[in-house]
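>>> whatever this is, show me its structure:
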Amino acid sequence: MIINKPKCALFVLVALVTVVAVQFPSASAHAALASQTPKFAQSQDEDRAALSDNQKVVQQLIECFNRHDPEQMVALMHDECEIHYVGEDGKAQLSANRAQDIEKEMEQYFKSLPTVKSQIRKSMEAGRFVSIEEHVAWTVGEETRSQSSLGVFEIVEGKVRRVWYYPAYK
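Model prediction:
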């Protein structure tokens, strides 16, 4: 293969200008990027005013979870809300697809783990989706156990429509 040196030099120059423009955007480009940047929240202790409406829905859901109040949890969900659990193989399995079923499932869950509490460690909004790093802790006898997971919530018309939970980790 023969490389034409003038074209090669032009390519290098264009690549260099592109790298510089990406690393050092103009003030107007920076402002445009900032307006499109997803909103982050670092923890549930952050000021609720800093959260988007969709993030507030997820925050309220976690607060209801911590009160062990399945009825109020379901009030924040669409009637045909779907809960999916993503396996290690990347395939999602539907756990429940109606708010009524989710309420029953959560009642059983709280009976089996009466001390369970959840905390949002990080949250990010991207359009109608809110992703969270959720940390859950509970006690068994004298032992405290915990795990974290990535959860992605689809919010439609102010209610949770779908949730995907990814494999838990320590």
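
>>> so, low pLDDT: which residues of this structure?
Under the criterion pLDDT under 70, the flagged ranges of the chain are 1-49.

>>> ok, now with 50
Applying pLDDT under 50 to the chain flags the ranges 1-44.

>>> can you map out the helices along it?
Read by DSSP state H, the chain holds these helices, from start to end of the chain: 5-23, 27-36, 53-66, 70-75, 99-112.

>>> what's the last one packed up against?
Which is helix 99-112. For helix 99-112, the packing partners by 3 or more C-beta pairs under 8 Å, 6 or more residues apart in numbering; DSSP states H and E come out as helix 70-75, strand 77-86, strand 92-96. (Glycine included, C-beta is placed from N, CA and C.)

>>> make JSON lines from these and add mean neighbour count and distance to Leu51 to it.
As requested, those are exported to JSON lines (neighbours: other C-beta atoms under 10 Å; distance: least, C-beta to C-beta, whole Å):
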{"stretch": "helix 70-75", "mean neighbour count": "17", "distance to Leu51": "18"}
{"stretch": "strand 77-86", "mean neighbour count": "17", "distance to Leu51": "19"}
{"stretch": "strand 92-96", "mean neighbour count": "13", "distance to Leu51": "26"}
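
>>> the ones you listed: which one's closest to Glu125?
Closest of the helices and strands packed on helix 99-112 to Glu125 is strand 77-86, at 18.0 Å (criterion: C-beta to C-beta).

>>> picking up where we left off before, of the helices and strands packed on helix 99-112, which is nearest Ser146?
Ranking the helices and strands packed on helix 99-112 by proximity to Ser146 (C-beta to C-beta) places strand 77-86 first, at 18.4 Å.

>>> okay, which residue is most central for this protein?
With distances taken as C-alpha atoms, centre = their mean, the chain has Ser131 as the residue nearest its mean C-alpha position (0.9 Å).
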